[in-house]
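K.L.:
Structural data only, the sequence is not supplied:
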């Protein structure tokens, strides 16, 4: 039953997102799309028995330069809420060529209709886009 619930949640998410974006369904059922330069993926999983969730991961920026200037220090800016939104957890990770920044949000989505699902997903994606604009423009 859980696989059917997760599949249904992903179908609803795809329909909601297709109102705004070109969405690709990957072989594993994950949905991928881009919004304002932010690459996003929606995956479904069962967090624990009886708790199916959707996980939205947004790749906000990558290879951002390191800086000794606190005003341009990526982890500090992310920690202080650059592009602050109500939904999602931002993270800065040191990559081979600089800082990579992601925004993740997991939520129980069983029973959400297309309208509310789209609103919730777009709130997270909009936060990621705001974060990207502030990090990349500076």
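P.N.:
Now that the structure is in, tell me what you want to look at. Remember, predicted model here, so these are calculated numbers, not experimental data.
K.L.:
ok, longest helix in the protein?
P.N.:
helix 114-137 (DSSP state H).
K.L.:
On the three-state scheme, residue 100 is what?
P.N.:
strand (DSSP: H, G, I helix; E, B strand; the rest coil).
K.L.:
Provide a list of residues in contact with the spatially closest residue to it that is not a sequence neighbour.
P.N.:
Spatial nearest neighbour of residue 100, chain neighbours left out: residue 62 (4.5 Å); criterion: Cβ to Cβ, 6 or more residues apart in numbering. Where you see a C-beta, it was placed from the backbone N, CA and C, and this is true even at glycine. Contacts for residue 62 were tallied using Cβ atoms under 8 Å, 6 or more residues apart in numbering; they are 95, 98-101.
K.L.:
neighbours around residue 48, how many?
P.N.:
For residue 48, the neighbour count with other Cβ atoms under 10 Å is 7.
K.L.:
And for residue 68?
P.N.:
Residue 68 sits with 6 neighbouring residues when counted by other Cβ under 10 Å.
K.L.:
same question, residue 4
P.N.:
Residue 4 has 9 neighbouring residues, counting by other Cβ under 10 Å.
K.L.:
now swap in residue 96 and tell me
P.N.:
Counted with other Cβ under 10 Å, the neighbours of residue 96 add up to 6.
K.L.:
Quick check: the residue nearest to residue 100 is in a strand.
P.N.:
Yes: counting by three-state DSSP, one finds residue 62 located in a strand.
K.L.:
And the lowest mean pLDDT element among the helices and strands of this structure?
P.N.:
The helix or strand of the chain with the poorest confidence is helix 74-79; it has a mean of 91 (mean pLDDT, DSSP states H and E).
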